[in-house]
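[1] Could you look at this predicted model? Sequence included:
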Amino acid sequence: MSSVREKWNRRYAEKTGALASVPAAITQGWQQLKPGSVLDLASGDGGSSLFLARQGFAVTAVDIAEEGLKRLALSAKEHQLSIRTLQCDLDDVRALKQIGRYDNIVINRFRPSAMLFSCLPDLLTLQGKLMLNSFNMQQHQEKGFSERFCLVPGEYLEVTSNFRVEYYRSLERGGDFMDEYLFIRVD
């Protein structure tokens with residue numbers, strides 16, 4: 001088991017109480033997603049997955065930590081929601097490409113590697129949407145959050161020709177400094 005997987009499994013195994021909160025980018029922007037299916041990458045224990053399932057999306061949650069996915073599955077069962085969960089290392093692009101295509105992908109509080117980002121168009125249907133919301137460099141400067149996990153301003157604006165940028169914004173939400181993107185797959 002990788003050290004990253006062990007770390008996150010330990011965190012979720014020790015966690016009690018409420019699941020992760022739903023990012024404001026999701027609660028305020030979910031209507032901009034395409035109706036249908038959602039792939040929630042780096043889902044953790046599933047705040048976003050549960051919220052989107054309640055809105056009528058068919059949700060698949062993917063995370064490196066089985067313990068987070070177990071917490072999500074229990075909560076989904078309690079709320080009578082159907083959410084598919086898959087344990088996968090997000091650096092294993094070959095495994096990700098085998099999970100199918102989705103109408104939408106959401107990524108929250110996670111900085112995708114260049115390799116992961118480059119495979120995302122293959123996981124989306126044509127005109128599918130990618131919503132990316134994560135900490136930016138101001139989070140590092142103001143709060144000491146690890147720089148390697150922070151988005152650089154405009155980092156994904158020129159990454160691939162398969163996406164058209166619907167919006168990009170850098171803002172403060174709830175005391176955190178975030179960059180938010182919405183992309184649409186164009187070819």
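    Looks like it arrived, so ask away.
[2] Checking residue 59 next. Helix, strand or coil?
    Secondary structure assignment for residue 59 (DSSP: H, G, I helix; E, B strand; the rest coil): strand.
[3] Next up, the contacts around the residue sitting nearest the centre point of the chain.
    Nearest to the mean C-alpha position of the chain, by Cα atoms, centre = their mean, lies residue 107 at 1.9 Å. Listed by Cβ atoms under 8 Å, 6 or more residues apart in numbering, the contact partners of residue 107 are 40, 41, 42, 130, 131, 132, 133, 134. All C-beta atoms are positioned from the backbone trio N, CA, C, and that covers glycine.
[4] one more time with 10 Å, if that's ok
    Neighbour list for residue 107: 39-43, 48, 90, 116-117, 120, 130-134, 181 [criterion: Cβ atoms under 10 Å, 6 or more residues apart in numbering].
[5] same deal with residue 158?
    Residue 158 touches residue 165, counting by Cβ under 10 Å, 6+ apart.
[6] what's the pLDDT at it?
    Note on residue 158: pLDDT of 79.
[7] Show the backbone phi and psi for it.
    When quoted as degrees, to the nearest 10, the phi and psi of residue 158 stand at phi -120, psi 20.
[8] Need the three-state assignment for residue 11.
    With three-state DSSP as the basis, the three-state label of residue 11 is helix.
[9] any idea whether the residue nearest to the centre of the chain is helix, strand or coil?
    strand.
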